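Chemist: Dropping the sequence and predicted coords here.
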Amino acid sequence: MASNRPAPEASAPVHFGPGSRFAGTDRADDEANRGWEEWNPTADSIRPVRGKHRVAKQRNALARSSTVLGVGVIAAVGAGGIASAQDKPAVSISLPDALSDSFPDAKSLPGVGSFMSDGDDKSDETPSPLTTAGLTAADAQQGTTDSGEALRARILQQAEQQQAEADAAQKASAEKAAAEKAAAEAKKQQTDAKEKAAEEKRKAKEAAERKAEKERLEKLAASFSLPTSSYTLTSTYGQSGSMWSSGQHTGLDFAAPTGTPAKAVHSATVKSAGWSGSYGYRVVLELDDGTEIWYAHLSSMTVAAGQKVTTGETVGRVGATGNVTGPHLHLEVHTAGGSGIDPLSWLRSKGLTP
C-alpha cells in the first residue's frame, strides 16, 4: 500500500502577517508538526476535492476582497483619521499567489494608491482632497501639519476673528455712545450758556430801566415838592364813610397844625382861590399838562387867580374850614378831563414819597 499524506479538508488557508507570533514559520514546518499517518485510498475515501477547493478559493477570495474594500473605506473616512493612521507602522496582509494574481494592483485603486506608495517613492501627484481637508497650501506642500490640527487651528482662528469683530463692534458702539453723550453735554452747556447770557441781559436791562426811572424820578423830585410838612396821613383816597357827602373820600388828608404852610407841588397857574362850601377855603393850581391840584380847608390863602407860582411856593396855610373834624390839608388831583385820581399814587409817580 502506498503511504501518502492525508488530503486536507478544504478550508480557508491561514496566513500570518509579520506582526503575528507565528510570523516567519514555514508551511512545511507546520505540516510536519501535524505528523504523518498511513492512508489507504478507497472508493469512499477518494472524492473529488476540486469543487471544495474551488468553494474555498471563492470564499477566500470574498474574504480578501472584503479586506481590500475595507482598506478603501478606511481611506475615505476623513482627514483626521487618515492623518493619524499615517503615523502608525504598516501591517502587511498576505494572500495566496492564486488569489493575489487575480486582484488588481492596489495602487491602481482610486484614493488608495497614495497610501500604499513606498517610502522612497516620491510622487508629484496632488494628494486626495480627503487627505488635505483643513490644510493650507503651504501645509500641504511641507507635509508638517496634520489635517485635524489644521482644522482645529482654523476653527480657533475663526473664533478669534469673530471675537475681534465683536470687540471692535462693541468698541465702536461705546465710542459712538461716548461721542453722542459728549455732543449732548456740549449742546446742553451751549444752551445753558445762552440761557444764562439771556438772563444776564434781561437783568441788566431791568437794572438799566430801574436806574433810568430812578434818575427820572430824581429829576421830577427836583421839580416837584410835597404839599406840606410836619404832617400825618389820616384819610386816603376812596375810603368809605358817612362823613363825606358822596359816601367816599375823594382826596388825601395831611393832618397838620393850623397855620402850617401849604406849598405848590409844581410850577403852575392859580386857576381859582376862594371859599368853596364844604371845602372851606380852596386854592386850585393848574399844571402845564392840564392837571389840577386842589388845596382845601385852608385857614388862609396867599395867592390869587391867574397868578404864576413855582415849585415849593406857599399858596396858603393849613386850617379847619368847611366840613372838617380838625385842622388838615385836603389834597385832590384831577386830570385834564376832570376825573379825580388817587393823590398818593400821583405824588409817587413824580418821585415823591408822602
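Modeler: Good, I have the coordinates.

Chemist: tell me what the lengthiest helix in the chain is packed against?
Modeler: For the chain, the helix that runs over the most residues, judged by DSSP state H, is helix 147-223. In this structure, helix 147-223 packs against helix 79-85, with contacts taken as 3 or more Cβ pairs under 8 Å, 6 or more residues apart in numbering; DSSP states H and E. In this view, the C-beta of every residue, glycine as well, is placed from N, C-alpha and C.

Chemist: Now do the helices in this protein.
Modeler: 27-34, 50-76, 79-85, 97-102, 137-142, 147-223, 343-349.

Chemist: Low-confidence bits of this structure, can you list those?
Modeler: Residues of the chain meeting the criterion pLDDT under 70: 1-145, 221, 241-247.

Chemist: What is whichever strand in it runs longest packed up against?
Modeler: Criterion DSSP state E: the longest strand present in the chain is strand 292-301. Judged by 3+ Cβ pairs under 8 Å, 6+ apart, strand 292-301 is in contact with strand 268-275, strand 281-286, strand 314-318, strand 328-334.

Chemist: Tell me which of those sits nearest to Tyr295.
Modeler: Tyr295 lies closest to strand 281-286 among those, at 4.5 Å (Cβ to Cβ).

Chemist: number of nearby residues for Gly238?
Modeler: By other Cβ atoms under 10 Å, 11 other residues sit near Gly238.

Chemist: pretty sure it contacts Gly340?
Modeler: No - contact between Gly238 and Gly340 fails when scored by Cβ atoms under 8 Å: they sit 9.7 Å apart.

Chemist: shared neighbours of the two, anything?
Modeler: Residues touching both Gly238 and Gly340 (Cβ atoms under 8 Å, 6 or more residues apart in numbering): there are none.

Chemist: What degree of burial does Ser223 show, as a neighbour count?
Modeler: Counted with other Cβ under 10 Å, Ser223 comes out at 14.

Chemist: Thought His266 was touching it, still the case?
Modeler: Yes - Ser223 lies in contact with His266 (Cβ under 8 Å); the separation is 6.4 Å.

Chemist: intersection of neighbour lists for the two?
Modeler: With Cβ under 8 Å, 6+ apart, Ser223 and His266 have common neighbours Thr311.

Chemist: And Gln353, how far from Glu209?
Modeler: Just to correct that, residue 353 is Thr rather than Gln. 20 Å (Cβ to Cβ, to the nearest Å).

Chemist: try Ile155
Modeler: 80 Å.

Chemist: Then Tyr231?
Modeler: For Tyr231, the distance to Glu209 - Cβ to Cβ - is 32 Å.

Chemist: Could you do Ser267 as well?
Modeler: For Ser267 relative to Glu209 (Cβ to Cβ), the value is 28 Å.

Chemist: Next one: the residue nearest to Thr258 when sequence neighbours are not counted from Thr310, what distance?
Modeler: Closest residue to Thr258 apart from its sequence neighbours, by Cβ to Cβ, 6 or more residues apart in numbering: Pro327 at 4.3 Å. Per Cβ to Cβ, Pro327 is found 26 Å from Thr310.

Chemist: Now the closest residue to Tyr237 other than its chain neighbours. Its backbone dihedrals?
Modeler: Leaving aside its sequence neighbours, Tyr237 sits nearest to Asp342 (Cβ to Cβ, 6+ apart; 4.2 Å). Here is the backbone geometry of Asp342 (degrees, to the nearest 10): phi -70, psi 120.

Chemist: which residue sits closest to Leu329, ignoring its sequence neighbours?
Modeler: Using Cβ to Cβ, 6+ apart, the closest residue to Leu329 is Phe254 (4.4 Å).

Chemist: got a list of what Val309 touches?
Modeler: Contacts of Val309 by Cβ under 8 Å, 6+ apart are 264, 267-270, 285, 303, 315.

Chemist: farthest pair in those?
Modeler: It's Ser267 and Val303 that sit farthest apart of those, by Cβ to Cβ, at 13.0 Å.

Chemist: The two: who's more crowded?
Modeler: Val303 (19 against 16).
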